[in-house]
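Compute the structure for the input listed below.
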Amino acid sequence: MPARKIAWSVVAIVSTAIAFSSVADDAGRQQADQAFRNALVTFAVARTLNGVISVAQGTELALEPGGVGVVLTLGQVLDPINDLVERFSSVMLVATSSIGLQSVLLRISAWRGLSLMLAAVSGFTLLALWWPRVVASRLTHAMIRLLLVVIFLRFAVPVLVIGTTLIFDEFLAENQVTATAALETTRDQIEAINEQANVPDTADRSIIDQLGSMLDDSLESMNPGEQLERLRKHVSSSVGHIIDLIVIFVLQTILLPLGFLWLVIRTLKSLGERVTRL
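Okay, here's the model as predicted:
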């Protein structure tokens with residue numbers, strides 16, 4: 001079966017060449033580093049948003065534009081995302097850790113010892129295929145199966161990292177950027193209101209008097225009802241963005257890697273089953 005011998009010979013030679021060229025390792029490392037940075041940015045936004053919400057819980061912002069008293073109860077407005085943000089922070093911690101683990105596995109799979117092992121197994125496989133007098137022919141099937149196992153150990157992690165990143169860049173990256181930016185806007189708005197509300201009780205009376213006229217001028221042009229409604233809309237949209245980010249990072253860091261790992265295993269298993277047809 002010369003065609004099959006040629007095919008297996010190509011697999012052995014090409015896989016060994018790729019292993020020593022480090023092309024797959026470099027690509028996987030770059031993709032993993034970029035994914036780790038993206039996850040860290042989103043994780044930082046989640047933690048800071050959680051922090052400003054905790055500060056804002058129970059805060060009442062009293063405004064009196066034009067002599068009309070209005071109290072903004074931030075706790076009620078932020079209730080829809082309070083628990084969700086905490087859960088989101090936990091998800092992002094797991095997602096960031098998963099990407100970090102992939103980076104560690106990439107370094108392990110790029111170990112030169114595995115490449116040397118692959119080269120040795122490839123050499124014995126070629127001998128078994130083309131010079132059966134040197135290597136007993138009955139060992140041919142075993143050598144090919146061993147070759148597939150070593151190829152799996154050497155390339156499984158780079159393949160799943162590169163494949164996951166390609167899908168993320170094509171279908172998920174834009175949504176991730178949009179959702180993260182929306183959460184940053186919500187965080188900044190809550191921070192602004194917190195700063196507006198947190199005037200120290202121990203402040204000197206004369207300072208408050210001095211600030212009073214400045215606040216009156218600025219608050220007269222400000223409709224607190226609109227401010228509250230605007231914040232409520234941001235919070236409402238943030239719930240959807242948080243859910244989107246949870247889905248995105250669960251896909252990127254858990255489901256897609258597992259899917260690619262399953263695909264690699266199935267492909268190699270299918271090739272292994274064909275060995276008996278040599």
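
any idea how far residue 33 lies from residue 160?
Per CB to CB, to the nearest Å, residue 33 is found 16 Å from residue 160. Using the backbone N, CA and C atoms, a C-beta is placed for each residue, glycine as well.

Residue 180 too?
Residue 180 is 24 Å from residue 160, by CB to CB.

before we move on, the earlier item: higher neighbour count, residue 33 and residue 160?
Neighbours per residue (other CB atoms under 10 Å) separate residue 33 from residue 160, with residue 160 holding more: 23 against 13.

was I right about that one contacting residue 265?
No. The pair residue 160 / residue 265 is not scored as a contact, 10.6 Å apart, by CB atoms under 8 Å.

joint contacts of these two?
With contacts taken as CB atoms under 8 Å, 6 or more residues apart in numbering, not a single residue reaches both residue 160 and residue 265.

ok, and for stretch 95-111, which residues are buried?
95-96, 98-100, 102-103, 105-106, 109-110 (16 or more other CB atoms under 10 Å).

mind putting the residues you listed in a markdown table, distance to residue 174, secondary structure and pLDDT included?
Shown next, in a markdown table, are the buried residues of stretch 95-111 (distance: CB to CB, whole Å; DSSP: H, G, I helix; E, B strand; the rest coil; pLDDT from 0 to 100):
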| residue | distance to residue 174 | secondary structure | pLDDT |
| --- | --- | --- | --- |
| 95 | 18 | helix | 93 |
| 96 | 20 | helix | 93 |
| 98 | 22 | helix | 93 |
| 99 | 19 | helix | 94 |
| 100 | 24 | helix | 93 |
| 102 | 22 | helix | 94 |
| 103 | 24 | helix | 94 |
| 105 | 28 | helix | 95 |
| 106 | 26 | helix | 95 |
| 109 | 30 | helix | 94 |
| 110 | 31 | coil | 95 |
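
Now that we have these, can you turn them into JSON lines and tack on distance to residue 241?
Below are those laid out as JSON lines (distance: CB to CB, whole Å):
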{"residue": "95", "distance to residue 241": "16"}
{"residue": "96", "distance to residue 241": "18"}
{"residue": "98", "distance to residue 241": "21"}
{"residue": "99", "distance to residue 241": "20"}
{"residue": "100", "distance to residue 241": "24"}
{"residue": "102", "distance to residue 241": "25"}
{"residue": "103", "distance to residue 241": "27"}
{"residue": "105", "distance to residue 241": "31"}
{"residue": "106", "distance to residue 241": "30"}
{"residue": "109", "distance to residue 241": "35"}
{"residue": "110", "distance to residue 241": "36"}
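
So which of the residues you listed is the closest to residue 164?
residue 102 (8.6 Å; CB to CB).

The closest one contacts residue 157, doesn't it?
Yes. Here residue 102 reaches residue 157: they are 6.7 Å apart, a contact under CB under 8 Å.

low-scoring stretches of the stretch 101-250 of the chain, by residue?
In the predicted model, the stretch 101-250 of the chain carries pLDDT under 70 at residues 133-138, 196-228.

Just the helices from it, written as ranges.
112-130, 140-167, 173-197, 205-220, 224-250 (DSSP state H, counting those that start in this stretch).

wait, which of those helices is closest to residue 81?
helix 224-250 (5.5 Å).
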